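Predicted structure and sequence below. I'll ask about it afterward.
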Amino acid sequence: MFIQDDEIRLSAVLEKPENAEGCPLVIVLHGFTSAKDRPHTVRAAAAMREAGFATLRMDLYGHGESDGEFRNHTLHKWISNVMAAIDWARGEGYTDLYLSGHSQGGLVATVAGGMEADRIRGLILRAPAFMIPRCCREGNLLGTHIDPKQIPDSVPVIKGLELDGNYVRVAQTVCVEEAAERFRNPVLILHGDEDDTVPLSVSQEMAKHFANCELAVMAGETHHFDRHPEQMETLIRDWMRKQR
Ligand code: FER
């Protein structure tokens with residue numbers, strides 16, 4: 001299935017729980033260089049359905065099977081994609097909407113949640129990369145160093161990939177703390193204490209900016225939730241059952 005964000009087609013998978021009548025829906029976002037079909041994202045969505053929520057896993061601009069080139073993606077484009085998915089879901093009759101995201105997708109879920117604080121009932125964030133705006137202001141992109149005041153046209157990042165300098169320009173101006181403060185509904189953050197892409201301290205600091213946030217620290221877990229996936233599923237399922 002595709003959702004349109006103007007001329008951009010976004011590939012998405014809608015999956016329903018048993019007894020789907022009137023159920024809430026979670027829009028599930030992947031991270032930087034990732035996609036909706038990665039095992040840890042598929043498993044997180046399955047746990048949400050076990051708690052009675054429908055899930056919409058979507059590929060964002062320049063990722064997976066959606067339109068756009070990787071090098072041209074920005075946080076603004078991803079935020080626009082999420083707003084398009086929210087509009088799509090409302091058009092389908094879903095009124096109880098939640099956002100979930102991994103890493104860069106968790107950052108974008110937070111910013112979109114702050115913008116749509118009146119429409120989004122809760123956030124489920126896995127290893128959210130809240131520090132991307134700060135890293136871009138400091139000129140540090142996953143270990144690649146640039147002059148943050150003289151942004152190059154092209155920035156080499158991981159896996160031989162390049163980003164357009166506009167990625168940095170956009171990220172430098174995103175204020176995730178303000179977005180978190182606008183969001184008053186419940187938030188669950190899952191974060192492993194052996195995450196070496198996004199340090200646990202990033203979530204510990206940001207948790208203070210949400211009105212209603214539970215931070216579940218997962219001992220021995222990494223950025224990709226590959227060590228204790230059952231524990232991740234249990235934490236998600238139990239928290240989400242409490243929301244219904
Ligand atoms: C960065 C740190 C983390 C960054 C991106 C990420 C492009 C995203 C990680 C992920 O989504 O898994 O400095 O810059």
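Done, it's in.

Please tell me I have it right and Arg182 contacts Gly114.
Yes: between Arg182 and Gly114 a contact is recorded at 3.9 Å, counting by CB atoms under 8 Å. Any C-beta I mention is one placed from the backbone N, CA and C, and that applies to glycine too.

who's more crowded, the two?
Legend: neighbour count by other CB atoms under 10 Å for Arg182 and Gly114, higher for Gly114 (20 against 17).

how would you label the nearest residue to Glu205 once chain neighbours are set aside: helix, strand or coil?
Nearest residue to Glu205, sequence neighbours excluded (CB to CB, 6 or more residues apart in numbering): Phe130, at 7.9 Å. Secondary structure assignment for Phe130 (DSSP: H, G, I helix; E, B strand; the rest coil): coil.

how far away is Phe130 from Ala180?
Noted for Phe130: a distance of 8 Å to Ala180, by CB to CB, to the nearest Å.

who touches both of those two?
Shared contacts of Phe130 and Ala180 (CB atoms under 8 Å, 6 or more residues apart in numbering): 110, 206.

So between these two, which is more surrounded?
The residue with more neighbours, out of Phe130 and Ala180, is Phe130; 26 against 22, by other CB under 10 Å.

Show the pLDDT at that one.
Listed pLDDT for Phe130 reads 98.

which secondary structure element contains Ile3?
Ile3 is part of strand 2-5, with elements assigned from DSSP states H and E.

Does anything pack onto that strand? Which helices or strands?
With contacts taken as 3 or more CB pairs under 8 Å, 6 or more residues apart in numbering; DSSP states H and E, strand 2-5 sits against strand 8-15, helix 75-91.

tell me which parts of the chain are close to the ligand?
31-32, 103-104, 129, 132, 135, 141-142, 157, 197 (CB under 6 Å from any ligand atom).

By pLDDT, give me the weakest of these.
Least confident of those in the model: Leu142, at 92.

Could you verify my assumption that that residue touches Ile158?
Yes: Leu142 is in contact with Ile158 according to CB under 8 Å; the separation is 5.5 Å.

If you count surrounding residues, which of those two has more?
Leu142 (15 against 12).

Now do the same contact list for that one.
Listed by CB under 8 Å, 6+ apart, the contact set of Leu142 reads 157-158, 197.

swap the cut-off to 6 Å and go again
Residues near Leu142 by CB atoms under 6 Å, 6 or more residues apart in numbering: 157-158.

what ranges do the strands span in this structure?
2-5, 8-15, 25-29, 54-58, 97-102, 120-126, 140-141, 144-145, 154-156, 162-164, 187-192, 213-218 (DSSP state E).

In a markdown table, list those along with mean neighbour count and distance to Asp238.
What follows is the strands of the chain, written out as a markdown table (neighbours: other CB atoms under 10 Å; distance: least, CB to CB, whole Å):
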| stretch | mean neighbour count | distance to Asp238 |
| --- | --- | --- |
| strand 2-5 | 17 | 30 |
| strand 8-15 | 18 | 20 |
| strand 25-29 | 28 | 15 |
| strand 54-58 | 25 | 17 |
| strand 97-102 | 27 | 15 |
| strand 120-126 | 25 | 12 |
| strand 140-141 | 18 | 36 |
| strand 144-145 | 12 | 39 |
| strand 154-156 | 15 | 40 |
| strand 162-164 | 19 | 37 |
| strand 187-192 | 25 | 10 |
| strand 213-218 | 17 | 10 |
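
Cool, thanks, signing off.
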